[in-house]
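Engineer: Quick one: sequence plus predicted model below, questions after.
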Amino acid sequence: MICIDNPSIEPYFNQAVEEYFLKNFDENIFMLWRNDNAIIVGKHQNTIAEINVDHVKEKSIKVVRRLTGGGAVFHDLGNINYTFIMGFGEEGAKVDFKKYNQPIIDVLASLGVKAHFSGRNDILINDQKFSGNAEHIFHQRKRVLHHGTLLYSSEIKDISDALKVNPLKFQDKARKSVRSRVTNISSHLKEDIGVDQFRKLVMDHIINMYPDAQPYVLTEADKAAIQKLADDKYSTWDWNFGHSPKYALKHGVKTPGGHVEVHMNVDKGIITALEIYGDYFVNKDIEPIIEALIGKEHREEVVSSTLNDLKSSEYFSNISEEELCRAFF
């Protein structure tokens, strides 16, 4: 097994690291890593229905879609992520969260903390979640990617604020994240040893578990290939937002010119149907606005640019382009 203590805290790069090792290496792999502030959404989720758009924009939080299913999670530097990439034989692959969670439970036990596996994919302390896990099976190379979060000293309020979404805003069939009561590992320790020391304990435990374990440092060739994957895929709107399943959005805002309510359908990130309701007044028929937006990406920069190009404020009385754009998100 090769063990990687990945120093990067860049979310796009780190998601690309996992895919790179999954698809290009045959060895079993264990990796520890952290992300600076980011929301990581499940592969099958509707991204925009999982995030607090205004908060994400205000705090410059990166949003990245991962390879695995499951719900959205918030990462900060108080959270450690761990990844196993393992091969499977002719017996086939099966989802086995407990197998990969047990080493974490054992590390905590060595610190006097009793944790237990629960539900489909969580590890709990006193019925509070500190670790969520997900898996992806890559059949072409007979490999399983398992990864999980370890909330050591995360800002719990930041998690809540970043993932707080109006439940009435969206109608879709994508899997929604189930919010759980969460806790930090550090809150349960007799003495806070710090995130770096805890990270070292986890790595040392894995190295002791696997006699063939050896450290691996990314080469310049690795970094270049990973960065290209990050640039071409994980940092793109197409992957992070456009990959979302079909959904419908209904959202209203108050403006100086009255209440505006947008109803629209979106498929593969593209607006396919649109109506704009409200008690606003218009200077001229708004149908050209609607026609121009249908077929466009449901993306703030695109909607804003379209409204500015058409000078929508000349259509809607006392409603600026910026105010109207807010109704779409």
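Structural biologist: Done, it's in. As the structure is a prediction and not an experimental result, all values here were calculated from the model. Numbers count the residues shown, from 1 in each chain.
Engineer: Strictly from the record, what residue spans define the domains of the protein?
Structural biologist: 2-242, 247-326 (automatic domain parsing).
Engineer: Does Thr68 touch Lys43 like I think?
Structural biologist: Yes. At 6.1 Å, Thr68 and Lys43 qualify as touching, with contact defined as Cβ atoms under 8 Å. C-betas here are computed from N, CA, C, even on glycine.
Engineer: ok, those two, which is more surrounded?
Structural biologist: Counted by other Cβ atoms under 10 Å, Thr68 and Lys43 do not tie: Thr68 has more neighbours, with 19 against 14.
Engineer: Assign a three-state SS to the more buried one, would you?
Structural biologist: Recorded secondary structure, Thr68: coil (DSSP: H, G, I helix; E, B strand; the rest coil).
Engineer: which residues of this structure fall in helices?
Structural biologist: With DSSP state H as the criterion, the chain has helices at 11-24, 53-58, 97-110, 156-162, 195-209, 220-229, 237, 287-293, 300-310, 321-326.
Engineer: ok, residues contacting the last one?
Structural biologist: Residues from elsewhere that reach helix 321-326, judged by Cβ atoms under 8 Å, 6 or more residues apart in numbering: 253, 255-257, 260, 300, 303-304, 307-308, 311-313, 316.
Engineer: So for Thr68 and Lys43, which residues contact both of them?
Structural biologist: His136.
Engineer: Next one, pLDDT for the residue nearest to Lys311 when sequence neighbours are not counted please.
Structural biologist: Of all residues not flanking Lys311 in the chain, Glu321 sits nearest, at 7.6 Å (Cβ to Cβ, 6 or more residues apart in numbering). We have a pLDDT of 97 for Glu321.
Engineer: just to revisit the earlier point, with mean neighbour count added, can I get the helices of the chain in TSV?
Structural biologist: Formatted as TSV, the helices of the chain follow (neighbours: other Cβ atoms under 10 Å):
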stretch	mean neighbour count
helix 11-24	22
helix 53-58	14
helix 97-110	16
helix 156-162	16
helix 195-209	16
helix 220-229	14
helix 237	17
helix 287-293	15
helix 300-310	16
helix 321-326	19
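Engineer: would JSON lines of those with distance to Ile270 be doable?
Structural biologist: Listed next are the helices of the chain as JSON lines, based on distance: least, Cβ to Cβ, whole Å:
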{"stretch": "helix 11-24", "distance to Ile270": "23"}
{"stretch": "helix 53-58", "distance to Ile270": "18"}
{"stretch": "helix 97-110", "distance to Ile270": "35"}
{"stretch": "helix 156-162", "distance to Ile270": "26"}
{"stretch": "helix 195-209", "distance to Ile270": "41"}
{"stretch": "helix 220-229", "distance to Ile270": "25"}
{"stretch": "helix 237", "distance to Ile270": "12"}
{"stretch": "helix 287-293", "distance to Ile270": "10"}
{"stretch": "helix 300-310", "distance to Ile270": "10"}
{"stretch": "helix 321-326", "distance to Ile270": "17"}
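Engineer: right, and those helices - which one's nearest His147?
Structural biologist: His147 sits nearest to helix 11-24 of all the helices of the chain, at 6.9 Å, using Cβ to Cβ.
Engineer: ok so, going back, go through the contacts of helix 321-326 and name the one nearest Leu111.
Structural biologist: Using Cβ to Cβ, those come closest to Leu111 at Glu300, 44.4 Å.
Engineer: which residues sit in contact with the closest one?
Structural biologist: 53, 57, 325, 328-329.
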